[in-house]
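Student: predicted coordinates and the sequence they were generated for:
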Amino acid sequence: MEQKGLKVKRIDKGSTLDPVTVENIALAKANLTVERVNAATEGEVVAAAKDTDIILTRYAQMSRSVVEKLPKLQAIIRYGIGYDTIDVDAATDNKVIVVNVPDFCYEEVSNHALGMLLMLTRKLMLQSNTLKKDGWKPAYSLITPMGSVTGQTLGIIGCGHIGRIVARKAQCFGMNVIGYDPHVDTKLTDEAGIKLKSVPEVMKESDYISCNPLLWNETFHIVGEKEFKMMKPTGFIVNTSRGPVIDQLALVKALKEKWIAGAGIDVFEKEPIAPDDPLLKMDNVILTPHTAFYSDASDIRVRTSVAQEAVRIALGHLPKNIVNKGVKPKVNLLP
């Protein structure tokens, strides 16, 4: 049954409130509009959402203490794949549906990961900066040694949708692919050409590592000092998933002590990255500010998908992408 007069708010943790035109176009199907508010602290989130039925959010922390203080709340819909900013157990306990958008940026993230990999192995940033600064001159001594991705081994930590797309694209460059993921259906990894192995085996055998898992207890610091010491000194690691998947202090140590050759990092343990972070001064590190997911097209896709999920709820239907599938919603929603 259609729900009339639902309040929908996009709650963000930031000072810039960009337009929600895309969302409102989709929401109009259910005569809904979204109000955009800024809330940085838990208290601000509670104050902003106390009369809200559906929360749309990208970065706001939806902890147990927040969820329990929002009795009207029916659903939290996140702009993105990961949902580590949401206490899913607390939401389930309070009959709140948690929704994500798992499929809006597969191509963007996989392209970003492989772009970093190629930039690192070809030393493109170093070559470009040297040419701009010192002019045209023979620079083979500068770029030696330089490997080739063809015939090399790529290890993938986390073989979900994005990890498998990275694998397929890497094979176009002639790479061999191995991976670690204890939860993925082996039929899917077989189809993607990924040979599953243990974490130590992946770290030891790979020339390149791409981190692509969701962040949860099992993947927190899945790559730390012990794992970096297993890598080849010529090896590179790329992370486009979540910052805490890698122990960032261990990464800095591994780079300083030359346990590995370099890194491409889009996500960090604390964001934004501190201005005095050692990674910012390393020539063998490529950094981007958590933008792997972004393109004009993916931004439209995720905004539209989030709003469409809110529309489904307003029209009396279950959302398409429910994270906490065992939740008992506060209202009866049809499939």
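Tutor: Received it, and whenever you're ready, just let me know what you need.

Student: which residues in the stretch 1-150 of the chain form helices?
Tutor: Using DSSP state H, counting those that start in this stretch, the helices of the stretch 1-150 of the chain run over 21-27, 42-49, 64-67, 88-93, 106-122, 124-134, 140-143.

Student: give me the domain ranges for this structure.
Tutor: 8-104+295-314, 106-287 (automatic domain parsing).

Student: follow-up on the earlier one: can you say which of the helices of the stretch 1-150 of the chain is nearest to residue 155?
Tutor: Nearest of the helices of the stretch 1-150 of the chain to residue 155, taken as CB to CB: helix 106-122 at 11.5 Å. Backbone N, C-alpha and C define where each C-beta goes, glycine included.

Student: list the buried residues of that closest one.
Tutor: 106, 108-117, 119-121 (16 or more other CB atoms under 10 Å).

Student: next one: stretch 205-224
Tutor: Buried-residue list, stretch 205-224, by 16+ other CB under 10 Å: 205-215, 219, 221-224.

Student: go through the helix or strand containing residue 312 and flag the buried ones.
Tutor: Assessed by DSSP states H and E, residue 312 sits inside helix 296-314. Under the neighbour-count criterion of 16+ other CB under 10 Å, helix 296-314 has 298-299, 301-314 buried.

Student: relative to residue 80, which of the residues you listed is nearest.
Tutor: Among the buried residues of helix 296-314, and counting by CB to CB, the member closest to residue 80 is residue 302, at 6.8 Å.

Student: list the contacts for that closest one?
Tutor: For residue 302, the contacting residues are 79-80, 101, 104-105, by CB atoms under 8 Å, 6 or more residues apart in numbering.

Student: quick check: the gap between the residue nearest to it when sequence neighbours are not counted and residue 123.
Tutor: Distances taken as CB to CB, 6 or more residues apart in numbering place residue 104 nearest to residue 302, at 4.2 Å, with adjacent residues excluded. From residue 104 across to residue 123, the span is 32 Å (CB to CB, to the nearest Å).

Student: which one of those two has more residues nearby?
Tutor: Set residue 104 next to residue 123 and count neighbours by other CB atoms under 10 Å: residue 104 wins out with 24 against 20.

Student: the buried residues of stretch 205-224 in helices, which ones?
Tutor: Secondary structure from DSSP state H places residue 205 of the buried residues of stretch 205-224 in helices.

Student: of the buried residues of helix 106-122, closest to residue 322?
Tutor: Closest to residue 322, out of all of the buried residues of helix 106-122 and judged by CB to CB, is residue 106, at 19.5 Å.

Student: these two touch, right, the closest one and residue 160?
Tutor: No: assessed by CB atoms under 8 Å, residue 106 is found out of contact with residue 160, at 9.6 Å.

Student: where does the prediction get shaky in the stretch 201-335 of the chain?
Tutor: Residues of the stretch 201-335 of the chain meeting the criterion pLDDT under 70: none.

Student: that older thread, need the contacts of residue 302 in a markdown table (columns: pLDDT).
Tutor: As requested, the contacts of residue 302 are arranged in a markdown table below (pLDDT from 0 to 100):
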| residue | pLDDT |
| --- | --- |
| 79 | 96 |
| 80 | 95 |
| 101 | 98 |
| 104 | 97 |
| 105 | 98 |
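
Student: between these, which sits nearest residue 170?
Tutor: residue 105 (18.0 Å).

Student: report how many residues lie close to that closest one.
Tutor: 24.

Student: for it, phi and psi?
Tutor: When read as degrees, to the nearest 10, the backbone of residue 105 gives phi -140, psi 30.

Student: residue 57 versus that one, what's the distance?
Tutor: 17 Å.

Student: next one: residue 286
Tutor: Taking CB to CB, one finds residue 286 at 29 Å from residue 57.

Student: output the domains of the chain as JSON lines; include the columns distance to residue 335.
Tutor: Shown next, in JSON lines, are the domains of the chain (distance: least, CB to CB, whole Å):
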{"stretch": "domain 8-104+295-314", "distance to residue 335": "10"}
{"stretch": "domain 106-287", "distance to residue 335": "23"}
